[in-house]
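# Got a predicted structure here, sequence first:
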Amino acid sequence: MSMRGLTVFIADIRNCRVRELEEKRINKEMANIRTKFKEGSLSGYDKKKYVCKLLYMYILGWDIDFGHMEAVGLISSTKYSEKQIGYLGITLLMHENSDLVRLVVNSIRKDLEDNNEIHNCLALHAIANIGGREMAESLAGDVHRLLVSPNSKSFVKKKAALTMLRLFRKHPDVIPAPDWAERITNIIDDYDLGVCLSVTSLVTALAQQYPESFMMAIPKAIMRLHKVIVERDFSADYVYYKIPIPWLQVKLLRLLQYFPPTEDPNMAEMLHNVLQTIINNSLETPRNVQHNNAQNAILFEAINLAIHLDCESDIVRQATTILARFILSKETNVRYLGLETMAHLAAVTDELDEIKKHEETIILSLRDKDISVRRRGLDLLYSMCDVSNAKTIVSELIRYLHIADYALREEMVLKIAIMTEKYATEHSWYVDVILQLISSAGDHVGEEVWYRVVQIVTNHENLQEYSAKMVLHYMRSPHCHENMLKVGGYILGEYGHLIANLPGCSPIEQFNTLHARFGLCSLATRALLLSTYIKFVNLFPEIKGAILAVFNQYRHVLDAELQQRACEYMAIATMPTDDLLQTVCEEMPQFPERESALLSRLNEKTGQTEDKRTWNIGGKDSNEKTPANLLAAKERNENGSVDDLVAGVSNASLGTTAGGEGEDGSAASAANGGASSTPAASSAASASSKPAGLSWKDQLAPGSEKWYNRLRDGSDGVLYEDSILQIGIKSEYHGHLGRLAMYFGNKTHTQLGSFTVTVDSPEGLVVASSHTLATSIGPSTQIQQLYSLECQQIVTEVPMIRISYHAGSTQSIYLRLPVTLTRFIEPIQLSSADFFARWKQIGGPPREVQEVIKVAPDRIDLEKARSILVNNRLGICENVDPKPGNFVATGVFNTSMSGKVGCLLRLEPNKETDMYRLTVRTTSDVVSKHLKEILQTALLYNPNHTR
């Protein structure tokens, strides 16, 4: 039934020639609607008409601050037209954080439970469009029920799957995907290809987060592909330009790339037939553009899957020939996909000869008119680079850098720097390339690049003289970039003396070259150059006078950093003796070997879409940690040999000696791999063996961090609590041993069945239970479990625990136990003389780690700092540090197999700057690092800002 009043109103608005007339008509209508709503007793038709008018105003851009309740009321109507307008109103006028959302939840649930499919669909639309957390938590179960119900119509299942996908992408922690995995995956077999397509989109998203739980999707995806492609079993409704449902084919091929290759020979044979059929079909001449696009979409995804399964297979060799043809195509999209797929192949294969044949074509793609093609060409050159072609590729990229797009230059610089470092056969070539890079693309050279140059030059003695000579040469060019000045300042300050006797490289010439650009630099670079000058004073006393004049000049500048440096350097340089000067200006030690920061910087620049990448740009080593490879490695570990299993049981049995240490029988049984018959031994074995298919760290219970942080520095309290279960712990520790009591309380009035607790202890820590735990908890009752702990080696992680029970459905809770390294520290007291004697004895890095910790304003709390140290079982030594307010603490970390580790630390609070300086020295660099991280986390923790 048409609404004449709405039609007239829309016509009036359209007839308004100026905004003032439109505003006047809008205000008049809004006043009329307000009056009608206040009077009440409106019919459903009138409510619908007035809400439609408000929605039209809203669409035109006017603010609507009333009428929401009338829209909510229309949802409850039994008439479809009124219900439809009500749902349209709430989806347009409400957002996910609206206070009115909770008012519509019950109405939406009622429509989801209705037998009317139209009402189901309206409710699903609303959930997907609003998609707030409260709605997701309340209605996700109802959406799942519609999805898996055998009574749901196909169009309802499709909408339910896409609604579930929307909720998962917005609030992944709300969807219990592992529990629903089997029933959702089974729908891939649905006779309706549209349902299969929607569910495949959902499974693809879920499998990226929970790959172990969705392994069952592999055979189903392969069989569905085989039916559609090989057996030609499909409905004519889903044929697109002679190609059966190409969207489903692409999604299924993509889904399989998130899993390791199947080990089932029958499935592998079926998948091989599918891929070979796709390759054969691609050889047919396309009938039109649409047919060509669909065919290419399937082909490229099939090639990516073939590369993922086995990059040395016959199918991949056929595909390489096809890709060579595609990168020469006149179509931009085809060239783009050809280059990207070839980059995938180059990133995972050891054999690059076939790709190198097309090196000229790939280099020419850098000059393509489309920037996206140029990016893919750069990715391919980066992936295919090795020792044999590195110089050619790097020289071409540097030549192209001068004319490259600004949007592409920073990425190019990073890739050139990485390739040069990775494949350099001569150190001099590395220095030449990097300095040329900084000289020609200085604005696009990030700090990571010149930091890395400094690290490599410092760590390679045979490179230092050559680097100093070349950097001085580049600094004399008319257009010397500031980044070059930074590199030059550092290298000449450290190694300028190595070239001081060469022509044109005398000390005064080095100083004049640097100082000629001093006034044009940023303040940070000037500060660096002042440090270089003080090193010149130490290395070249003959130019001391010229440098002191610079220090004297900058003692009075406005910038505090420059002023402080100049004053301090002036004082050091004018002392009667040079002892302090020589100490301060000692040559920098070698940097510890670490992963290049350039790689992490490059990974940050790699764009990520809704779906995770199945491969990484770069060589084979860059793809060792792809999702499928990590899952395959995990499966290999979990399906280890019988010997590994026996060894695991033996380790668990060793933990049972906590109750009776030194008993020869137990030790001999464990050493021989014999199974102990005691309950403790069997429980320990289960505690140490992690069940297959769990990714515990990724499944921590929502909100568990809040409880964990409260207990991290204490011994007793609640570890986790929700509406069903409360978990508390008590613990005590002595030396390398500890005892942990866990309490599990049922807060409901029904019994919790199938109750199990599984502990995953990190390497070096043995966790053994004292008895077999009850399998159920009665209503409003509590059970407890005792664990004995033994720290055998240095522990760098905390144990994980899974609590599983049945309450209507199977529930699992994953938590971290607050059993940190500091639990096994015994506090000790040292005098001032003893402390500093041991402090000097331990020495500097790597056994010393230091961190300056910035906290929120006015968050420096001396009492809190003291309690943190005490709660982490460190003994505070009074009157050792001469400055009041500073803390000195000591302790001994105990292990049963790796001995004891002495721990010393100093904590220096500064209330003016809101900073702590924490310095830790121990006899183990590993303990130093982790003790620092534990204390740093505790000092930064703010209980008012927990997640």
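That came through, no problem. The structure presented is a predicted model; accordingly, all values stated were derived computationally and were not measured.
# What are the buried residues along the helix or strand hosting Leu378?
Using DSSP states H and E, Leu378 sits within helix 371-384. Buried residues in helix 371-384, counted by 16 or more other C-beta atoms under 10 Å: 373-384. Where C-beta positions appear, they are placed from N, C-alpha and C, glycine not excepted.
# okay, those in JSON lines with pLDDT and distance to Trp450 next?
Converted to JSON lines, the buried residues of helix 371-384 look like this (pLDDT from 0 to 100; distance: C-beta to C-beta, whole Å):
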{"residue": "Val373", "pLDDT": "91", "distance to Trp450": "31"}
{"residue": "Arg374", "pLDDT": "90", "distance to Trp450": "26"}
{"residue": "Arg375", "pLDDT": "89", "distance to Trp450": "25"}
{"residue": "Arg376", "pLDDT": "90", "distance to Trp450": "28"}
{"residue": "Gly377", "pLDDT": "90", "distance to Trp450": "27"}
{"residue": "Leu378", "pLDDT": "90", "distance to Trp450": "22"}
{"residue": "Asp379", "pLDDT": "89", "distance to Trp450": "24"}
{"residue": "Leu380", "pLDDT": "90", "distance to Trp450": "27"}
{"residue": "Leu381", "pLDDT": "90", "distance to Trp450": "23"}
{"residue": "Tyr382", "pLDDT": "88", "distance to Trp450": "20"}
{"residue": "Ser383", "pLDDT": "88", "distance to Trp450": "25"}
{"residue": "Met384", "pLDDT": "89", "distance to Trp450": "27"}
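# from these, which is closest to Gly89?
For these, the residue nearest Gly89 by C-beta to C-beta is Arg375; the value is 44.4 Å.
# Pretty sure that closest one sits against Leu408.
Yes - the criterion here is C-beta atoms under 8 Å, and Arg375 meets it with Leu408 at 6.7 Å.
# picking that back up, what sits up against the helix holding Leu378?
332, 335-336, 339-340, 342-343, 346-347, 352, 355-356, 359, 362-363, 365-368, 393, 396-397, 404-405, 407-408, 411-412, 415, 418-419, 617-619 (C-beta atoms under 8 Å, 6 or more residues apart in numbering).
# got it, and stretch 716-723?
701, 704, 707-708, 710-711, 726-731, 742, 747-748, 813, 815, 817-818.
# which of those count as buried?
701, 704, 707-708, 710-711, 726-729, 731, 742, 813, 815, 817-818.
# taking these one by one, which sit in strands?
Among these, the residues falling in strands (DSSP state E) are 726-729, 731, 742, 813, 815.
# Among those residues, which pair sits farthest apart?
Ser731 and Ile813, at 19.4 Å, using C-beta to C-beta across these.
# Could you tell me the average pLDDT over stretch 410-422, please?
Stretch 410-422 carries an average pLDDT of 86.
# Output that stretch as CSV, restricted to C-alpha atoms.
Presented in CSV, the C-alpha positions along stretch 410-422 are these (Å, rounded to 0.1, in the frame of the first residue of the first chain):
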residue,chain,number,x,y,z
GLU,A,410,61.0,4.1,0.5
GLU,A,411,60.1,0.5,-0.2
MET,A,412,62.7,0.4,-3.0
VAL,A,413,65.4,1.7,-0.6
LEU,A,414,64.6,-0.9,2.0
LYS,A,415,64.7,-3.7,-0.5
ILE,A,416,67.9,-2.6,-2.1
ALA,A,417,69.5,-2.3,1.4
ILE,A,418,68.3,-5.8,2.3
MET,A,419,69.4,-7.4,-0.9
THR,A,420,72.8,-5.7,-0.8
GLU,A,421,73.5,-6.9,2.8
LYS,A,422,72.1,-10.4,2.1
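# Any stretches of this protein with poor pLDDT?
1-2, 442, 593-597, 599-601, 603-611, 618-698, 713-715, 808-809, 943-947 (pLDDT under 70).
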